[in-house]
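Enquirer: build the 3D model from these lines:
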Amino acid sequence: MVETLHPRNPCPKCGFDSSRFGRVGTCEDAIHELYSITLTLPRPPFVHQLAVDAYSAQHLGGQMSPVTKLFPLMGLFMVCEQGANGLDVQQAHMNKSKEADREDWPTIELLPVRFDLNVGHVLEAIEDNLESAIRDWVESTMYALRAHEHEIRQFCSRV
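Expert: You can find the predicted model right below:
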């Protein structure tokens, strides 16, 4: 029996289904394809950072460090609630990473959620308006994680 390297089952985290999007591979393959495009786009607005945070936020869980859990959520919050762009988020991540009081950072126990948009939806929209598709993905992901808004807001209040 030959094991396939690219399963056709939907990702249990983000829901990416390669067969739905006419692709072979995993959501990880898809995000690398998207990154190869977003890294070539101008700074600002630096939509690459938004793609990183949306994808990361959809794949949180387990024994991840507070930084790994909080930074993507911080990026989504800043875009959706404060009108930040990717460059603003990147700068905030760098500033926040220098804080000495990390033990005071909130611990977020993520609830299971279903995401309406994932990296596959963004790749479908490349020809139309990639930046708009990434922003829709960010907003949709933040909405799905709204149960954690209080902790995220508290964490971001010191940015």
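Enquirer: tell me who's in contact with the closest residue to residue 57 other than its chain neighbours.
Expert: By the measure of Cβ to Cβ, 6 or more residues apart in numbering, the closest residue to residue 57 outside its immediate chain neighbours is residue 72, 4.0 Å from it. Bear in mind the C-beta positions are built from the backbone N, C-alpha and C, glycine included. Counting by Cβ atoms under 8 Å, 6 or more residues apart in numbering, residue 72 makes contact with 52-54, 56-57, 60.
Enquirer: quick one: the helices in this protein?
Expert: Residue ranges of the helices in the chain, as given by DSSP state H, are 27-38, 47-58, 66-82, 86-97, 119-124, 126-144, 149-156.
Enquirer: need the ones you listed in CSV (columns: distance to residue 105 and mean pLDDT).
Expert: Listed next are the helices of the chain as CSV, based on distance: least, Cβ to Cβ, whole Å; pLDDT from 0 to 100:
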stretch, distance to residue 105, mean pLDDT
helix 27-38, 26, 96
helix 47-58, 16, 97
helix 66-82, 5, 94
helix 86-97, 9, 94
helix 119-124, 27, 95
helix 126-144, 19, 95
helix 149-156, 6, 88
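Enquirer: can you put these in CSV and add distance to residue 107?
Expert: Listed next are these as CSV, based on distance: least, Cβ to Cβ, whole Å:
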stretch, distance to residue 107
helix 27-38, 26
helix 47-58, 16
helix 66-82, 7
helix 86-97, 16
helix 119-124, 27
helix 126-144, 19
helix 149-156, 8
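Enquirer: I figured residue 35 hits residue 50, correct?
Expert: No: Residue 35 is beyond contact range of residue 50, at 11.6 Å (criterion: Cβ atoms under 8 Å).
Enquirer: comparing those two, which residue is more hemmed in?
Expert: Taking other Cβ atoms under 10 Å, residue 35 and residue 50 do not tie; residue 50 has more neighbours (26 against 15).
Enquirer: what's near enough to touch the spatially most central residue of the chain?
Expert: The residue lying closest to the centre of the chain (Cα atoms, centre = their mean) is residue 54, at 1.5 Å. For residue 54, the contacting residues are 72, 76, 134, 137-138, 141, by Cβ under 8 Å, 6+ apart.
Enquirer: buried subset of the contacts of residue 72 as a ChimeraX selection?
Expert: For the buried members of the contacts of residue 72, the matching ChimeraX selection, counting by 16 or more other Cβ atoms under 10 Å, is:
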select :52,53,54,56,57,60
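Enquirer: buried set for stretch 104-113?
Expert: For stretch 104-113, burial by neighbour count (16+ other Cβ under 10 Å) applies to 105, 108, 113.
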